[in-house]
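A.B. asks: How does the following fold in three dimensions:
(chains A, B, C and D)
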2 protein chains.
Amino acid sequence: MPTTRRERMRDATLLEIKEVAREHLRVQGPSGISLRGIARDLGMTAPALYRYYASLDDLLAAMIETYTNEMCDAMEVARDALPADDLDGRLVAVTRAFRDWSLEHRPEFAMVFGAPVPGFTEPEEAGVQQAGGRLGAIFFALFIELWRRQPFPVPPDEEIPPALRRQLRLFATACCGEDDDAPLGVIRLFAGSWVRLYGLVAIEVFGHMDFMIDDMNPLFEAELNDLAKTIGLKKDLP
Amino acid sequence: MPTTRRERMRDATLLEIKEVAREHLRVQGPSGISLRGIARDLGMTAPALYRYYASLDDLLAAMIETYTNEMCDAMEVARDALPADDLDGRLVAVTRAFRDWSLEHRPEFAMVFGAPVPGFTEPEEAGVQQAGGRLGAIFFALFIELWRRQPFPVPPDEEIPPALRRQLRLFATACCGEDDDAPLGVIRLFAGSWVRLYGLVAIEVFGHMDFMIDDMNPLFEAELNDLAKTIGLKKDLP
DNA sequence: CGTTTACCGTTAACGGCGTTTACTCAAGCA
DNA sequence: TGCTTGAGTAAACGCCGTTAACGGTAAACG
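C.D. replies: Model (predicted):
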């Protein structure tokens, strides 16, 4: 372990900056994250932070990456709490974990899944993309394994327009690496499910239905049930 | 028409401010909207703008309201381009218009449908909520009228959990005013469809799939086809 | 060991921001 | 005509990100 004392100190500061930034995010919102404010809380001056992050954008990008991975961790914990052969249960658990984490970390969710600000937090960072792929892979691996063990009906290849086929292949390789030997229909259904889940959670987290609905729980559970039904999960969700 | 000369001048300035703000939004992104910058472009000083908008937030809220209504206008134009009895066609046209407008107005879409910034552009403005209701109503009116004329299968009331029933009623009244005498199943299906559409367009506009997929058109059309099928539209979409 | 080097932090400064206050000045109205 | 109203100004306050020049200290090296 070649970590010198200096490196340990540096890593600690690197982390502490991110933690203070997160607190500011949660208390004052995304626009409340400022290098000067963070430096104040840390008993430093703002220019000192440039030793650790090249710019505010860089810090924000690091935060996005951290949050994405944290969300993935939470989903994996929920997944691994169930036996490996209970794919049904695992898929439902991961989906619920996705929503739960998002609701408990609304500002973080907004940074990860909200609108990217041009010239600001561009998601072109390698780390951010990699974390995004990890998230997709968690869902995808379960989804595809479930289909292999107990196949549910998927649209036949002929029903999928050629233009869509190519996109689905791209999607699968980005999610899962190279072993994308699953039929296109499975990927098609997966993409549709992901879009639905994202829409549901984003609407809830962003509060776009707050003035119409006062409790999103029933709708989420109903949609989850629908989703489960289309992939052959028979038993009622607990 | 009690518009004095002063009032006309005032309204013109009010509008001009919003227009310059929009240009800044499109060129430099949301964080590029600044009172000082707008004032510069207008040949004024920043404090003068406070005669027109109480704060930057107020201006942003006005922009959101404007964009929502503009999107609704575009949808209504697309709707009215088809004969009133072609409900199938109108629903598809409105849906495509929603997506098209969003893709052509990405920064505007982000302001309307992205994450609200706390203490900043809260969507608690009456005008913003009203515009949101208008958008929902456009979809809802077509959806429900279509079901009345050529009913498609919807989940029976007994299958809808009681907790969800109440939320769906709230949702319908917010979308459509008081004449929500449609069966819960129709509203249930409508809510699900809206969530799907939102997720699809938001993912595309925000570019959350850009690193996986290079053309969202096929997926959108496929999902639209699916949606159309569930509400009984038989003919292939042109 | 002493010396050099690399790194961490500072102060000072530039230009930008939202917002408030006190003020001027012209248009509108009685 | 004289008064009122409202649009616009300059100055100032306290934020912000970022850069440049500079000090000190701990690690690295001969």
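
A.B. asks: I figured residue A:82 was touching residue A:89, is that so?
C.D. replies: Yes - between residue A:82 and residue A:89 there is a contact at 4.6 Å, judged by C-beta atoms under 8 Å. (Glycine included, C-beta is placed from N, CA and C.)

A.B. asks: which parts of chain A sit against DNA strand C?
C.D. replies: A:6, A:9, A:10, A:13, A:39, A:43, A:44, A:45, A:47, A:48, A:51, A:52 (C-beta under 7 Å from any atom of the strand).

A.B. asks: now with 10 Å?
C.D. replies: Within reach of DNA strand C by C-beta under 10 Å from any atom of the strand, chain A has these residues: A:6-7, A:9-14, A:16-17, A:34, A:36, A:39, A:42-52.

A.B. asks: now residue A:168: how far from DNA strand D?
C.D. replies: 39 Å (C-beta to the nearest atom of the strand, to the nearest Å).

A.B. asks: for that residue, what are its contacts?
C.D. replies: A:160, A:184, A:187, A:188, A:191 (C-beta atoms under 8 Å, 6 or more residues apart in numbering or on different chains).

A.B. asks: Mind doing that once more with 10 Å?
C.D. replies: Taking C-beta atoms under 10 Å, 6 or more residues apart in numbering or on different chains as the criterion, residue A:168 is in contact with A:160, A:180, A:182-188, A:190-191, B:213, B:218-219, B:222.

A.B. asks: I'd assumed residue A:232 was in contact with residue A:150.
C.D. replies: Yes - the pair residue A:150 and residue A:232 passes the contact test of C-beta atoms under 10 Å, sitting 6.2 Å apart.

A.B. asks: Which neighbours do these two have in common?
C.D. replies: residue A:88.

A.B. asks: Buried ones among the residues of chain A next to DNA strand C?
C.D. replies: With neighbours counted by 16 or more other C-beta atoms under 10 Å in any protein chain shown, the residues of chain A next to DNA strand C contain buried members at A:13, A:17, A:39, A:42, A:49, A:52.

A.B. asks: any idea which of those is closest to residue A:209?
C.D. replies: The closest of those to residue A:209 turns out to be residue A:17 (C-beta to C-beta; 35.5 Å).

A.B. asks: Distance-wise, check the residue of chain A found nearest chain B relative to residue B:106.
C.D. replies: When scored by C-beta to the nearest C-beta, chain A has residue A:199 as its residue closest to chain B, at 2.2 Å. Remark: distance between residue A:199 and residue B:106 (C-beta to C-beta, to the nearest Å) = 17 Å.

A.B. asks: repeat for residue A:161
C.D. replies: 26 Å.

A.B. asks: of those two, who's got more company?
C.D. replies: Shown here are residue A:161 and residue B:106; by other C-beta atoms under 10 Å in any protein chain shown, residue B:106 has more neighbours (17 against 13).

A.B. asks: For the more buried one, which residues are in contact?
C.D. replies: A:115, A:118, B:26, B:29, B:204, B:205, B:206, B:207.

A.B. asks: Can you tell me the SS state at the first one?
C.D. replies: Judged by DSSP: H, G, I helix; E, B strand; the rest coil, the three-state class of residue A:115 is coil.

A.B. asks: I'd assumed residue B:31 was in contact with it.
C.D. replies: No - using C-beta under 10 Å, residue A:115 is not in contact with residue B:31; the gap is 11.4 Å.

A.B. asks: Between the two, point out the one with more neighbours.
C.D. replies: For residue A:115 and residue B:31, the more surrounded residue by other C-beta under 10 Å is residue A:115, and the numbers stand at 22 against 13.

A.B. asks: In chain A, where is pLDDT below threshold?
C.D. replies: A:1-2, A:121-124, A:178-180, A:235-238 (pLDDT under 70).

A.B. asks: Can you name the residues that contact residue A:51?
C.D. replies: A:10, A:13, A:14, A:44.

A.B. asks: Quick check: closest non-adjacent residue to the first one.
C.D. replies: The spatial neighbour of residue A:10 that comes closest, neighbours along the chain excluded (C-beta to C-beta, 6 or more residues apart in numbering or on different chains), is residue A:52 at 7.5 Å.
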